[in-house]
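Asker: 3D, please:
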Amino acid sequence: MKKVLDWNKYLDKAAEAVSEGVVLLKNDNGALPLGKSEEIALFGRMQLHYYKSGMGSGGMVNVSKVTGILDGLLEAGAKVNDELLGVYKKWDEENPVKDEESWGNAKWSQEEMPLDDTIAENIAKQTDTAVAVIARTAGEEMDNTCERGSYLLSEGEKQMLVTVRKHFKKLIVLLNTGNIIDMSEITEISPDAVMYVWQGGMTGGTGTAQVLLGKSPSGKLPDTVAYSISDYPSDKYFGNKERNFYSEDIYVGYRYFETFAPEKILYPFGYGLSYTNFEVNVTASEIDDVTASFSVSVKNIGEYDGKEVVQLYYSAPCGKLGQPARQLAAFEKTDCLKPGEEQTLILSVKINDLCSYDDSGVTGHRFCYVLEEGTYGFYIGTDSHSCQKAGEYVLDKLRVVHECTSAMAPVESFKRMKSDNGRLVFEDVPLMTYDENAVRKAALPEELTYTGDKGIKLADVLSGKYSMDEFIAQLSDEDLAAIIRGEGMGSPKVTPGTAAAFGGVTERLKGFGIPCVCCDDGPSGMRLDCGTKAFSLPNGTLLASTFNTKLLTELFIFTGMEMTANKVDCLLGPGMNIHRHPLNGRNFEYFSEDPCLTGIIASSQLAGLKMSGVTGTIKHFCGNNQETCRRTADAIVSERALREIYLKGFETAVMNGADSVMTTYGSVNGIRTPVSYDLNTVILRDEWGFDGVVMTDWWAAVNRRDEETSLTDFAAMAASGNDLYMVCADGEKQEGNTLDELKSGFITRGELQRNAADICRFVMNSMAMKRMLGTADEIEIQNRPDEGETNEGAVEFFKVDQKASLSGENIRVTKGGSYAFGLDVSVFGRYKVKITASSTASETAQLPVTVFCMGSSIGTFTWNGTGGAPVSFETDTFFFSRFVTMRLYFAQGGLDMISLDFELIEPESMQ
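Answerer: Numbers count the residues shown, from 1 in each chain. Next up, the predicted model:
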């Protein structure tokens with residue numbers, strides 16, 4: 001079927017998401033909205049360098065244009081003071097930003113322009129209104145720190161805000177950040193308005209400008225903003241490089257603050273202002289043994305159009321388990337209401353969903369979800385702190401909701417927080433009482449008798465002609481060992497520059513009619529390392545702040561169509577880890593401190609992808625709540641906290657149709673997640689009924705409990721129910737220990753056949769299968785801007801056997817153009833990269849070339865006119881994958897490429 005993806009509508013929908021996700025915290029003295037005729041003095045050097053996302057795989061989207069805050073204002077017709085803008089542009093040119101695209105070592109912020117009173121006083125004579133931009137980044141392998149320029153304001157930023165506040169009648173502060181930062185000094189400076197504009201992707205400035213210039217904000221905080229970072233309950237237990245005890249247990253974010261420390265809340269979870277005002281009243285309620293349902297009337301009683309988010313919280317009786325004072329159960333967002341307009345929303349929750357997990361047996365029902373006897377209160381409002389009681393349900397007798405088995409229990413002693421009727425106490429955490437290996441061995445799947453090739457193709461299973469068991473029975477031991485290996489990064493078997501291929505990665509598997517599925521990073525849009533441009537989405541924090549599931553589904557329908565146009569079948573996102581602590585560098589990819597909001601927002605995104613025929617991979621399963629030593633640090637968590645906080649969002653997504661899961665690098669309770677049978681089978685499959693595919697993170701360690709780190713123990717991975725190892729250099733090459741451990745008896749053919757069936761079931765229902773059958777959608781992209789001359793859609797690979805030289809004669813150099821190519825590397829390690837070119841331009845010409853390797857810049861080199869003589873520049877980089885995607889970006893024309901040379905200088909094995 002032919003479908004049209006209108007790029008302009010895509011941009012509009014993303015901007016709409018931004019406008020609904022920015023969160024207005026303060027708005028005094030009529031500071032906002034701004035009038036278009038009102039001149040704005042824009043302060044802060046980051047007005048010129050908008051952060052569209054955080055760093056790492058979740059943010060590496062190549063775009064043709066990023067509309068920042070300044071751009072958005074100018075494009076919307078706002079008046080920006082030219083004199084001040086000229087001062088910033090001149091200083092910025094003389095003091096360029098640093099490390100904008102580095103992975104793991106970028107600066108959290110950029111040096112701020114020193115602002116003296118003379119400049120501020122002069123500009124204040126021209127306008128009363130100042131807007132100051134504060135910006136932050138962080139990301140993969142780069143946590144924030146509680147230092148100036150990271151979580152805290154830099155000295156330059158503080159000085160700027162103090163100076164502006166002194167001279168201007170109105171000061172508006174915009175926070176272009178991945179997640180919350182310290183607000184104490186901003187509060188002391190006392191701006192008239194403060195708004196988190198987050199990181200809004202390539203069109204963030206458009207949506208932000210819409211709100212600044214009149215559209216009522218409707219975003220709500222997905223996290224609690226406390227007065228100090230030390231107020232967060234996880235603060236004492238975050239950032240250790242070896243092990244992190246989750247001693248706050250279930251009391252994460254507002255669950256802690258509303259229970260034990262309401263006085264430490266600066267801005268509560270769910271809070272966000274509008275330009276208008278709303279009257280929220282519960283008009284009817286119906287509560288029985290099955291459901292609690294509330295009709296809520298929302299009336300716009302202000303002067304602007306706007307939307308409101310109504311939130312339903314509950315409190316469970318403290319009982320023997322101990323409970324938070326508030327827990328989010330549901331939320332709904334109104335339509336855009338005009339002044340005087342009213343809308344009725346229905347919010348409901350199943351009584352059984354109010355249950356808690358007893359991991360100690362204190363209720364008499366160990367390893368069960370239970371409802372303790374007592375009064376369950378329901379609260380309706382617009383944030384976690386101001387919500388008002390709307391009803392109650394009284395349970396006379398304890399109810400067992402679901403019987404489970406112990407899983408993922410900690411093995412190391414520690415104490416956890418508990419509420420004793422609102423009093424904070426600590427108790428010992430229950431430890432593991434079972435043999436993990438015995439649990440697995442007691443539930444080994446039955447082996448299918450090997451039949452050899454019977455001519456059954458995967459399409460025959462799809463049509464119903466044969467069963468999946470009949471198909472899988474054809475696969476040999478070698479086939480079963482091969483199908484659990486993904487190939488990447490940059491596999492030439494799928495779209496150039498993507499993360500991996502899996503499924504039909506060998507000729508034999510392809511012969512069974514198994515296509516290769518293409519998966520690609522990530523939560524903020526497609527990362528195409530060959531340089532192909534893609535759409536950069538708003539970050540996870542912003543999208544969660546919309547509290548608008550319908551809007552996000554509509555946005556991700558566009559994303560799904562874009563994926564289909566690029567033959568990408570599975571997006572490696574959404575990211576679903578909990579905002580346990582504000583310093584987690586990857587919070588920008590994730591949604592919230594709350595598992596209910598997390599699960600619902602993820603489900604809405606997946607729904608949009610699936611409507612377009614593709615899907616997403618929910619990650620990182622689970623406990624990936626800090627980037628510091630993420631590959632080695634152990635998260636030590638109680639079973640109750642895992643099930644109620646850190647797994648709950650994933651469970652919601654699975655119940656709503658998620659069919660692909662990615663495990664983490666690190667370990668939880670002493671065992672790495674890719675080899676955790678408890679996680680990948682007992683909980684995910686046996687309890688939740690998941691029947692999709694589970695993959696590792698890229699090059700994850702897969703060693704067994706208490707054994708040395710291994711990158712090749714694929715047998716332990718497969719035995720746990722983690723189906724795919726991501727990634728191997730060559731699908732045809734037998735890697736790992738699978739066949740050896742099959743002979744030893746550690747893993748059975750039945751287990752490998754189960755993994756193969758999981759993979760084939762997923763592949764069979766993918767867009768890759770439709771492409772093979774000729775039934776895939778054809779996407780026509782309309783109204784997409786010209787993105788310069790490039791060869792990115794047809795990447796040629798060149799063999800590098802420790803040393804190689806590529807001729808530059810076929811590389812066309814055009815201004816704004818790119819040349820992408822691939823390397824097929826035989827030996828991993830550090831390579832010298834030498835680029836030789838000439839130019840007949842003048843000696844003062846500046847002809848810069850930026851070199852990208854796997855999507856990251858490894859250097860920018862500038863040639864002057866060379867009189868036609870060859871001039872070389874050198875750098876070095878690490879090639880960690882067989883297929884390495886490279887790209888040259890030419891900021892100017894006039895350069896003649898002569899050669900590209902690669903030479904191994906320091907070998908390093910991946911094994």
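
Asker: could I get stretch 770-783 in PDB with only the CA atoms?
Answerer: Only the C-alpha atoms of stretch 770-783 are listed here, as PDB (Å, rounded to 0.1, in the frame of the first residue of the first chain):
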ATOM      1  CA  LYS A 770       6.300  -8.000   4.300                       C
ATOM      2  CA  ARG A 771       9.200  -6.600   2.200                       C
ATOM      3  CA  MET A 772      10.300 -10.200   1.400                       C
ATOM      4  CA  LEU A 773       6.800 -11.100   0.400                       C
ATOM      5  CA  GLY A 774       6.300  -7.900  -1.600                       C
ATOM      6  CA  THR A 775       3.400  -6.600   0.600                       C
ATOM      7  CA  ALA A 776       5.200  -3.900   2.500                       C
ATOM      8  CA  ASP A 777       3.900  -0.300   2.600                       C
ATOM      9  CA  GLU A 778       5.500   2.100   0.100                       C
ATOM     10  CA  ILE A 779       6.100   5.500   1.800                       C
ATOM     11  CA  GLU A 780       6.300   8.700  -0.300                       C
ATOM     12  CA  ILE A 781       7.800  11.500   1.700                       C
ATOM     13  CA  GLN A 782       6.500  14.900   0.700                       C
ATOM     14  CA  ASN A 783       7.600  18.400   1.500                       C
END
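
Asker: measure how far that stretch is from the centre of its chain, please.
Answerer: How far stretch 770-783 lies from its chain's middle: 27 Å, per Cα atoms, centre = their mean, to the nearest Å.

Asker: enumerate the positions of that stretch that are buried.
Answerer: Buried residues in stretch 770-783, defined by neighbour count with 16 or more other Cβ atoms under 10 Å: Lys770, Arg771, Met772, Ala776, Asp777, Ile779. C-beta here means a position set from N, CA and C on the backbone, and glycine is covered the same way.

Asker: show me which of those residues is closest to Leu752.
Answerer: Met772 (23.8 Å; Cβ to Cβ).

Asker: for stretch 410-420, C-alpha coordinates in PDB please.
Answerer: The C-alpha coordinates for stretch 410-420 follow below in PDB (Å, rounded to 0.1, in the frame of the first residue of the first chain):
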ATOM      1  CA  PRO A 410      18.900  -9.900  46.500                       C
ATOM      2  CA  VAL A 411      21.700 -12.000  47.800                       C
ATOM      3  CA  GLU A 412      23.400  -9.300  49.800                       C
ATOM      4  CA  SER A 413      22.000  -8.000  53.100                       C
ATOM      5  CA  PHE A 414      20.900  -4.400  53.400                       C
ATOM      6  CA  LYS A 415      18.100  -2.300  55.000                       C
ATOM      7  CA  ARG A 416      15.300  -0.500  53.300                       C
ATOM      8  CA  MET A 417      12.900   2.300  54.100                       C
ATOM      9  CA  LYS A 418       9.400   1.500  55.300                       C
ATOM     10  CA  SER A 419       6.500   3.600  56.400                       C
ATOM     11  CA  ASP A 420       5.200   2.800  59.900                       C
END
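
Asker: which residues sit against it?
Answerer: The contact list for stretch 410-420 (Cβ atoms under 8 Å, 6 or more residues apart in numbering) reads 233, 243, 245-249, 251, 256, 259-260, 318, 322-325, 424-432, 636-639, 641, 669-670.

Asker: helices - which of those residues land there?
Answerer: If you go by DSSP state H, the contacts of stretch 410-420 have Tyr256, Thr259, Phe260, Glu639, Ala641 in helices.

Asker: for the closest residue to the last one other than its chain neighbours, give me its contacts.
Answerer: This means Ala641. Residue nearest to Ala641 in three dimensions, not counting chain neighbours: Asp249, with 4.7 Å by Cβ to Cβ, 6 or more residues apart in numbering. Residues in contact with Asp249 (Cβ under 8 Å, 6+ apart) are Arg416, Met417, Lys418, Val429, Ser638, Arg640, Ala641.

Asker: please apply the same query to Gly59.
Answerer: Contact partners of Gly59, counting by Cβ under 8 Å, 6+ apart, are Lys52, Ser53, Gly139, Gly522, Ser524, Asn539, Phe588, Glu589.

Asker: what strand or helix carries it?
Answerer: Counting by DSSP states H and E, no helix or strand carries Gly59.

Asker: how close does it sit to Gly585?
Answerer: Gly59 is 11 Å from Gly585, where distance means Cβ to Cβ, to the nearest Å.

Asker: what's the overlap in contacts for those two?
Answerer: Residues touching both Gly59 and Gly585 (Cβ under 8 Å, 6+ apart) are Gly139.

Asker: hmm, back to that, in ChimeraX, how would I select just the buried ones from the contacts of stretch 410-420?
Answerer: Here is the ChimeraX selection string for the buried members of these, based on 16+ other Cβ under 10 Å:
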select :233,243,245,246,247,248,249,251,256,259,260,318,322,323,324,325,429,430,431,432,636,637,638,639,641,669,670
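
Asker: let me know the secondary structure of the residue lying closest to Lys457 once chain neighbours are set aside.
Answerer: Nearest non-adjacent residue to Lys457, counting by Cβ to Cβ, 6+ apart: Gly513, 3.4 Å away. What DSSP: H, G, I helix; E, B strand; the rest coil gives for Gly513 is coil.

Asker: for Gly513, give me its contacts.
Answerer: Residues near Gly513 by Cβ under 8 Å, 6+ apart: Lys457, Leu458, Ala459, Asp460, Gly504, Met772.

Asker: try 7 Å
Answerer: Gly513 sits next to Lys457, Leu458, Ala459 when contact means Cβ atoms under 7 Å, 6 or more residues apart in numbering.

Asker: try Lys158
Answerer: Glu185.

Asker: hmm, try it at 10 Å
Answerer: Counting by Cβ atoms under 10 Å, 6 or more residues apart in numbering, Lys158 makes contact with Glu112, Ile134, Arg148, Leu152, Glu185, Ile186, Glu188, Ile189.

Asker: for Cys853, see how far away the nearest residue to the third one once chain neighbours are set aside is.
Answerer: Put plainly, it is Arg148. Counting by Cβ to Cβ, 6+ apart, the nearest residue to Arg148 once its immediate chain neighbours are dropped is Ser154, at 4.9 Å. Applying Cβ to Cβ, the value for Ser154 to Cys853 is 31 Å.

Asker: cheers, nothing more for now.
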